[in-house]
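In: turn this into a model:
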Amino acid sequence: MSEEDEIELGREAAAQVEQSMGFAGSAELNAYLTRIGHRLAKHSSRSHLDYEFHVVDMKEPNAFALPGGHIYVSRGLLALMNDEAELATVLGHEIGHVAARHSAQRQAKSRPWIPLQVLAGIGGAAASVVSPTLGSAVAGAGQLPAALAMASYSRKQEAEADRLGQQYAAAEGWDPAALASSMDALTREQQLEGGRDPNRQSFFDSHPTTPDRAHDAREHATTLPVASPNPIAANRAAFVGRLDGLVVGDSVKAGVFLDHRFMHPELGFAMSFPVGWAHANAPTAVVAQPEDGSAVLALQVAGEGDDPAAAADRFDSEIPLLERSGLTEINQLPAVTGVARIVDRGREIYLFLAWITKDDLVYQVLGAAPASRWDQHRLRFEAAAKSFHQLSEAELREVHENRLRLVEAHRGETLSKIAARSGSQWSASKMAVANDMTAEEKLAGGESIKISKRERYQGAGGVIENR
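Out: Next up, the predicted model:
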């Protein structure tokens, strides 16, 4: 693969990452990440690349690189870090993958690079029902929002990236042994979460580790000359202070389920799905299915515009509508509904559809069921579509998320006591991992302790209302 091809491939994959996962953190935090990254990248053998650094909206601890110099660190990984050198060595590690063209080699073997997993419970039959009508976005009708199906690097590639990342960090005055500290934190976090979970993508899934890897990193660090320290954040307190306000755990930015109700604070709408159905929120669709798998209900953006009839026309040109309403309203929003029939692998399947416009976007509600279950499910599909409405202030006040906050330790306190005093959503064990401490050690006092605080959703305009 030529460097030009590598850069183009990376650009395409980066667009997919932005669309499927999105970015996180404040502008200041991303600028901080970029500042560290550029200091490291200038020591790479491929310093001429146009490197980009982003905090990605992923709750699991992860970091990854795309060909051409696109580097990502998840907000879940940042929440575990306690030192600028830890962040620098992780970024250096990913730059090392780019420098050694590991990501390009991996990409060349498997394209496309980002197949996103199908939701548990939404089987192939359901996907085949949805696919004729959702077009290119059908891949999103079963995507896990933060589960990139990334191929693993080899152990040899990991060791090479470790050494390169440590060299870059040392050349800028950061402690190269901090890479081992990051691995220790990741190991503790994984053990706390109960080991490997195939539905939970983390750093070690795409970056295989060995029991000796942290030891090797510490050993290699002793062989490196380290430049005079020149940190951006002078100490731990200054570093963790930059993480204050970071969303931890599930983000509601892309919508959230409260029981069977789906609310999207950013787009300002809500819709109810059938009670008792399994549901999941993916970047391009919200999908639900009953336990017996006899139907599927999906909500997604069909396109831009303010004319639901035009969206219905486009659908009708591909799959003829057996029934179609005139222009009507659903909760004061322009809408058109319809029914269609398809034959999928010899099965007769009926589709209920509704196109609803709000704020220059056309939303499509699609319900599908085999002919034998159509009468049973049609009313549920219609009820779901009729529940689509403008999100109310009362509903918005129900939406909460957890954010990383800092509290000052009192002399003699333990993390267990701080967890109780502060109302942290993290257990003392989780706080111990996040703060690189033990749950019962007595603190000197004055330390900045990371906790997880439940707060009402903060929209683009700032805090709506705290607690």
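In: figure out the helix or strand that the closest residue to Arg218 other than its chain neighbours lives in.
Out: Leaving aside its chain neighbours, Arg218 sits nearest to Ala180 (4.7 Å; criterion: CB to CB, 6 or more residues apart in numbering). C-beta: built from backbone N, CA, C; applies to glycine. According to DSSP states H and E, Ala180 maps onto helix 178-192.
In: correct me, but Arg397 touches Arg456?
Out: Yes. Counting by CB atoms under 8 Å, Arg456 is a contact partner of Arg397 at 6.5 Å.
In: who has more neighbours, these two?
Out: Shown here are Arg397 and Arg456; by other CB atoms under 10 Å, Arg456 has more neighbours (16 against 12).
In: picking that back up, helices or strands up against the helix holding Ala180?
Out: helix 84-99, helix 155-171, helix 203-206, helix 213-221, helix 428-435 (3 or more CB pairs under 8 Å, 6 or more residues apart in numbering; DSSP states H and E).
In: mind listing the strands for the stretch 201-350 of the chain?
Out: Along the stretch 201-350 of the chain, counting by DSSP state E, counting those that start in this stretch, strands occupy 247-248, 256-258, 261-264, 269-272, 278-281, 286-289, 296-304, 321-324, 328-330, 333-344, 347-358.
In: what strands line up against the last one, and which way round?
Out: Each strand that pairs with strand 347-358, with its direction, by DSSP bridges: strand 333-344 (antiparallel), strand 361-370 (antiparallel).
In: nearest to Arg411, of the strands of the stretch 201-350 of the chain?
Out: Set against Arg411 and scored by CB to CB, the strands of the stretch 201-350 of the chain come closest in strand 247-248, at 27.0 Å.
In: circling back: residues in contact with the helix holding Ala180?
Out: Here helix 178-192 makes contact (CB atoms under 8 Å, 6 or more residues apart in numbering) with 61, 77, 80-83, 85-86, 88-90, 92-93, 162, 165-166, 169, 196, 202-204, 209, 213-215, 217-218, 221, 429-430, 433, 436.
In: can you rerun that using 7 Å?
Out: The contact list for helix 178-192 (CB atoms under 7 Å, 6 or more residues apart in numbering) reads 61, 80-81, 83, 85-86, 89-90, 93, 162, 165-166, 202-204, 209, 213-214, 217-218, 429-430, 433, 436.
In: what sits against Ser251?
Out: If you count contacts by CB under 7 Å, 6+ apart, then Ser251 has Asp57, Glu401 around it.
In: confidence score at it?
Out: Each residue has a pLDDT score; the one for Ser251 is 85.
In: same thing with Leu148?
Out: Looking at Leu148, its pLDDT is 34.
In: just Ala185 next, same as before
Out: Predicted confidence (pLDDT) for Ala185: 93.
In: over to Ala141?
Out: On the pLDDT scale, Ala141 gets 30.
In: okay, now Gln19: neighbour count?
Out: As a burial measure, Gln19 scores 12 neighbours (other CB under 10 Å).
In: what helix or strand is it on?
Out: helix 3-20.
In: buried residues in that helix, which are they?
Out: Glu6, Ile7, Leu9, Gly10, Glu12, Ala13, Ala14, Gln16, Val17, Ser20 (16 or more other CB atoms under 10 Å).
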